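> Need coordinates for the below:
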Amino acid sequence: MRRRTKIVATLGPATDDIAVLTDMVRAGLDVARVNFSHGQQSEHLRRIELVREAARRAGKIVGILADLGGPKIRIESFREGPIQLAEGARFALDPRLAAEAGTQDEVGIAYANLHRDVKPGDTLLLADGQIVLDVAAVEGPRVATIVRHGGELSNRKGLNRQGGGISAPALSDKDREDIRFAADNELDYVAVSFARDAADIREARVRLRESGGQGRIVAKIERHESVENLPSILDETDVVMVARGDLGVEMGYAEVTGLQKTILHQARNKFRVAITATQMMESMIQNAVPTRAEVSDVANAVMDGTDAVMLSAESAVGRYPVKAVQAMAHVIEGAEKYQLSHSRARHRSDGHFGRNDEAIAMAVMYTANHMRVRAIVALTESGSTPLWMSRIRSDIPIYAFTRHAATSRRVTLYRGVYPVPFDVTRSDAAHVQESIFARLLELDLVEAGDHVIVTSGPLSGVAGGTNAMQILKVTQGPGPRA
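Residues are numbered from 1 along each chain as shown. Have a look, this model is predicted:
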C-alpha cells in the first residue's frame with residue numbers, strides 16, 4: 001500500500017543544502033512551500049531552483065506552493081531588546097513611534113489603522129496569544145491597553161484581535177509583486193494568507209491569470225471572518241489550508257480541533273483539496289523524534305481525510321528536516337492502515353452529478369471499491385478527473401497519466417493520486433492500451449494479469465472531456481485485454 005496523504009514541507013536555511021533537500025524528497029516530500037513572509041525574491045528563486053534540482057536527482061515530481069505574506073500585523077522593535085510585561089501594567093501601541101523606539105511602556109506597530117478596528121473592551125493578542133492585552137482607550141492613532149496575561153515580548157511579534165475584525169486587505173502591494181513572481185516561475189499553488197471572503201480569492205486568481213500564471217489558489221483559513229465565510233470561499237478556491245496558528249489565536253485554542261474537522265469535511269463535500277498545517281511536529285525543530293501528542297495530531301488529521309499535512313519551522317529552520325519528513329511519512333502510513341474500513345465511502349451517493357467527468361469518477365471509485373482492481377489510470381490533461389476520484393477514500397492508487405508537466409506537479413497535492421508522465425497523443429487509438437500497460441509495467445506499478453480501470457475521453461489531448469471508463473486486464477505485448 002502506498003502512502004496516500006501528501007507531505008508539504010517549508011523551505012528555509014535548513015534545506016539550503018542540495019543533499020539535504022534531495023534526501024527530503026526521497027524521504028517523502030511531495031510539495032515544497034516557499035514562505036514569502038521571510039526573505040527576498042532572489043532567495044526564493046534560489047530555493048525554487050534547488051527544489052527542482054533535488055526532484056531531478058531523486059527521480060520524483062515535486063510541486064511548489066508559494067505562500068503569500070498577507071496582512072500579518074506586527075509590532076515594531078524595542079530599543080534595548082525584549083521586555084517583560086507584567087499583569088496589570090499599562091502598555092501602548094502607537095504607529096507614530098519609530099521602528100526601533102519600543103520601550104517598557106510602548107511600541108510601534110506596522111499597521112496605521114489599528115485604532116479604527118478596535119475599541120475599549122476589545123482583546124488583543126500578541127506572540128501567538130501568549131500575551132493578552134485589554135484595550136483601555138483609543139487616543140487618536142494610539143491604542144492604550146492593560147496587560148491581562150504578561151510575559152516576554154520581543155521584536156516583530158504578530159498581533160491579532162480576538163474574534164477577528166481587523167480590516168487590512170488580504171493582498172498587499174508586496175503580495176501582488178509576489179504573485180507576479182509566482183507566475184513568472186510557473187509555481188503550482190499560490191496561498192492567500194488571512195483571506196476574509198471569496199472576493200479575496202477571486203482577486204488573487206485574477207491577478208495570477210493576468211500575470212500569465214496557471215497555478216491553483218489556496219485559501220488559508222486563519223481569520224474569524226474566513227470561518228464565517230467558509231462556504232463561499234470553498235466555492236471560489238481550489239484548496240483550503242487549515243492554518244491553525246492564527247486561527248487558534250482569533251477563535252480560541254479550544255475551538256481549533258472542531259474547526260479543523262468541520263473545514264476538512266466541508267472541503268471534501270465541495271471537492272476541494274485540504275492541507276492541515278501549523279505545529280504538527282513542532283518539537284522536531286530541536287528533537288530527532290516527535291512527541292506522542294504530535295503523532296496523534298498528524299494521525300487524526302489523516303483519519304479526518306486531509307489531503308496533506310504540512311511541516312513549517314520543523315523543516316525550514318529545524319535541526320532534523322529529513323527526519324521530520326521521515327517521521328511524518330511513518331505516522332501517515334500507520335494512520336492509513338486503520339482507515340481501510342472506511343475506504344468504501346458513500347460520498348455523493350445521492351443527488352445529481354454536474355459534469356461528465358464527475359459522474360465517471362464516481363462510477364470508477366464505486367467499481368474499484370467493489371472488485372479486485374490493482375490500480376486506476378486517468379488519462380488527464382488538467383487533472384480534474386483524478387481530483388474527483390481522490391475525494392473518495394480508497395486504498396487503490398490513482399495514477400494521473402498526463403503529458404503536461406504542470407498537471408503532474410499539481411496532482412502531487414491530491415490524496416491518493418500519483419503523477420505519471422505519459423503523452424497520449426503519441427499513440428494511435430489502437431495502441432493506447434498497450435502503451436498504458438507498458439508504462440505501468442515499466443514502473444513496476446502492476447503485474448501481468450492484474451485488473452485496472454482506465455478513464456479517458458474521445459479526443460486525446462482535450463481537457464475536460466473524460467466520459468468513458470474501461471475495466472482491463474494487464475497483458476504484456478499484443479493480445480485481448482478487456
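> Please give me every residue in contact with the spatially most central residue of the chain.
Centroid-nearest residue in the chain, with Cα atoms, centre = their mean: I275, separated by 4.0 Å. Contact analysis of I275 by Cβ atoms under 8 Å, 6 or more residues apart in numbering lists V8, V218, V239, V240, M241, V242, T306, D307, A308, V309, M310, L413. For glycine as for every other residue, the C-beta is placed from the backbone atoms N, C-alpha and C.
> Of those, select the buried ones using a PyMOL command.
Remark: buried members of the contacts of I275, expressed as a PyMOL selection using 16 or more other Cβ atoms under 10 Å:
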select buried, resi 8+218+239+240+241+242+306+307+308+309+310+413
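> thinking again about what came up before, so where does the residue nearest to the centre of the chain fall, helix or strand?
If you go by DSSP states H and E, I275 is part of strand 273-277.
> cool, D128 as well?
Counting by DSSP H and E, no helix or strand carries D128.
> related to what we said a few turns ago, so which bits of whichever helix or strand comes after the strand holding I275 are buried?
Downstream of strand 273-277, the first helix or strand assigned by DSSP H and E is helix 292-303. Using 16+ other Cβ under 10 Å as the burial criterion, the residues of helix 292-303 that qualify are E294, V295, D297, V298, A299, A301, V302.
> which secondary structure elements does the next helix or strand after helix 292-303 contact?
Next in sequence after helix 292-303, counting helices and strands by DSSP H and E, comes strand 308-311. Contact partners of strand 308-311 among helices and strands, from 3 or more Cβ pairs under 8 Å, 6 or more residues apart in numbering; DSSP states H and E: strand 6-10, strand 273-277, helix 292-303, helix 321-337.
> quick one: Q84 is in a helix?
No - going by DSSP: H, G, I helix; E, B strand; the rest coil, the assignment for Q84 is strand, not a helix.
> want to try a markdown table for the buried residues of helix 292-303, with distance to V62 and pLDDT as columns?
Shown next, in a markdown table, are the buried residues of helix 292-303 (distance: Cβ to Cβ, whole Å; pLDDT from 0 to 100):
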| residue | distance to V62 | pLDDT |
| --- | --- | --- |
| E294 | 24 | 98 |
| V295 | 25 | 98 |
| D297 | 24 | 98 |
| V298 | 20 | 98 |
| A299 | 24 | 98 |
| A301 | 21 | 97 |
| V302 | 20 | 96 |
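> want to try JSON lines for the residues you listed, with distance to A204 as columns?
Below are the buried residues of helix 292-303 laid out as JSON lines (distance: Cβ to Cβ, whole Å):
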{"residue": "E294", "distance to A204": "31"}
{"residue": "V295", "distance to A204": "34"}
{"residue": "D297", "distance to A204": "29"}
{"residue": "V298", "distance to A204": "29"}
{"residue": "A299", "distance to A204": "32"}
{"residue": "A301", "distance to A204": "25"}
{"residue": "V302", "distance to A204": "28"}
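> distance of the residue nearest to the centre of the chain from K6?
9 Å (Cβ to Cβ, to the nearest Å).
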